[in-house]
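Undergrad: attaching a predicted model along with its sequence, questions to come.
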Amino acid sequence: MTHDFAVIGGGIVGLSTALELTRQFPGASTLVLEKECNWATHQSGRNSGVIHSGIYYRPGSLKARFCAEGRRATADFCREHGIPCEMCGKVIVATLEEELPYLAELERRGRANGLQVRVLGPEELREVEPHVRGLRALHVPAAGIVDYRRVAATFARLAEERGAEMRTDAGLRAIRVMPDTLALETTSGAFTTRFLINCAGLYADRVAGLMGARPPVRIVPFRGDYFQLVEERRPLVRNLVYPVPEPQLPFLGVHFTRSIDGRVHAGPNAVLALSREGYGWRDISLADMADTLSYPGFWKFASRFPSVVATELGRSLSRWLFARGLRRLIPEVRARDLVRGGSGVRAQALSPSGEPLDDFLIVSAERSIHVCNAPSPAATAALPIGRAIVDRIPTSFTPGDTTSSRRVREHLT
Ligand SMILES: Cc1cc2nc3c(=O)[nH]c(=O)nc-3n(C[C@H](O)[C@H](O)[C@H](O)COP(=O)(O)OP(=O)(O)OC[C@H]3O[C@@H](n4cnc5c(N)ncnc54)[C@H](O)[C@@H]3O)c2cc1C
């Protein structure tokens, strides 16, 4: 059987795309291939669980647009499907004089992105987060928390109920481009499709390479380690507490987040991962390391931020250094309050000149679409990203059974 669509990757972006395909092309045959034995086992299941407000993103960027849409869509989806989710709000805290201009810039961006933002002095900050100290802060009510593994699993269930064929343990190994179809060789057999959508996250550039496409960026994996506050110290944090991020870096800086299950996490930091899906210092892939270290863009990036690289490395190796970093926000935190809390690896697209790609990047090619950059807030924005991907399928493409698979676009009105 030849499928109309094959989605590569069962993370939250691939699953949202599959769900949208079943909406817009109800009669078409959609296949999802995921190499792991479960959905959302990488970035989508190892993140901070934050529904981002969108305050950080350049007004007019895809991130700003999709984050705003995704925040509302995720909250509505959770309500509709009984997934716990809470819009608890966040604070962004300036602890140094030199951060104040960038805090003011964030306030401006937030308002330009349609957010309600309140400036807090030290006393008002204490009313919102009693243990946090800072010179000035922004309070943003439109931020929340959710378990994205549950959201992704629900996307998968709904896509399957609407007829998509969902395959786990099916890693894509090779693609043969035939005159009208693409022959896919996977770890669980061969499949044929007429159109391919690459949502392979940390491997998106390699999957694009299998089709002969040359993405303009290379994925460099950055691991983020988390600590958790021990149970009796959880009251130190009410909701979400962030520092003012370093403007040129693609990461938000180590922060505190309450999870929907009540735990409080601190992190993630950002260190080079030794393998694309390497969650500890012992997870080493020589091929992945060679890929990163032979890329000039990586060295240009690292040489621009030597002190950040050293600080983040130190924090990854030492609980004491991690706690010292956290004390900038909450002076009461001690190393003994922290236990290891897992880690995630970010797929960060870097240009050959070492620029971290700031915005989402979705590239159309012959009979395929490739999601080349879907970093944070792509979990928040998964629903609009999935819709934008499906909207990009050329109108000239007609799925096999044209009578039953006409494109349905009611959602756009
Ligand atoms: C530490 C961390 C914290 C974050 N915090 C947040 C947050 O709080 N809020 C937020 O909105 N975003 C957050 N993000 C970002 C967000 O999690 C990601 O942007 C999002 O999950 C990306 O989803 P994805 O589906 O593109 O990638 P992934 O979830 O990585 O999915 C890609 C999938 O493709 C599969 N795959 C790869 N190659 C193949 C192949 N050859 N064949 C078959 N399958 C393949 C993989 O196994 C994987 O399941 C965070 C990310 C990290 C790493």
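TA: That came in fine, so what should we check first? Residues are numbered from 1 along each chain as shown.

Undergrad: so who does the residue in the stretch 1-150 of the chain positioned nearest to the ligand touch?
TA: Nearest residue of the stretch 1-150 of the chain to the ligand, counting by C-beta to the nearest ligand atom: residue 11, 2.0 Å away. For the C-beta atoms, the positions are set from N, CA and C on the backbone; glycine is no exception. Shown in contact with residue 11 (C-beta atoms under 8 Å, 6 or more residues apart in numbering): 39-40, 42-44, 152, 199, 201.

Undergrad: for the stretch 101-250 of the chain, which residues are neighbours of the ligand?
TA: 171-172, 199-203, 207, 224 (C-beta under 6 Å from any ligand atom).

Undergrad: give me that answer again for 8 Å
TA: 148, 152, 170-173, 186, 199-204, 206-207, 210, 222-224, 226 (C-beta under 8 Å from any ligand atom).

Undergrad: what does the stretch 251-400 of the chain give?
TA: 257, 267-268, 277, 343-347, 371, 374-382.

Undergrad: quick check on these: which are buried?
TA: 257, 267-268, 277, 343-347, 371, 374-382 (16 or more other C-beta atoms under 10 Å).

Undergrad: from the residues you listed, which land in strands?
TA: 257, 267, 343-347, 371 (DSSP state E).

Undergrad: now stretch 346-354: mean pLDDT?
TA: Averaged over stretch 346-354, pLDDT sits at 93.

Undergrad: just the residues contacting it, thanks.
TA: With C-beta under 8 Å, 6+ apart as the test, stretch 346-354 has contacts from 43, 201-202, 204-205, 215-224, 250-251, 270, 276, 295-304, 356-357, 361, 372-376.

Undergrad: among those residues, name the buried ones.
TA: Counted by 16+ other C-beta under 10 Å, those give 43, 201-202, 204-205, 215, 217-224, 250-251, 270, 276, 295, 297-298, 301-302, 356-357, 361, 372-376 as buried.

Undergrad: just the strands from the stretch 301-413 of the chain, written as ranges.
TA: For the stretch 301-413 of the chain, the strands defined by DSSP state E, counting those that start in this stretch occupy 338-350, 361-365, 368-373.

Undergrad: got CSV for the ones you listed, with distance to residue 77 too?
TA: Shown next, in CSV, are these (distance: least, C-beta to C-beta, whole Å):
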stretch, distance to residue 77
strand 338-350, 22
strand 361-365, 21
strand 368-373, 20
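
Undergrad: compare these and give me the one nearest residue 33.
TA: strand 368-373 (13.7 Å; C-beta to C-beta).

Undergrad: helices or strands up against the closest one?
TA: Applying 3 or more C-beta pairs under 8 Å, 6 or more residues apart in numbering; DSSP states H and E, we find strand 368-373 packed against strand 189-198, helix 204-210, strand 338-350, strand 361-365, helix 382-391.
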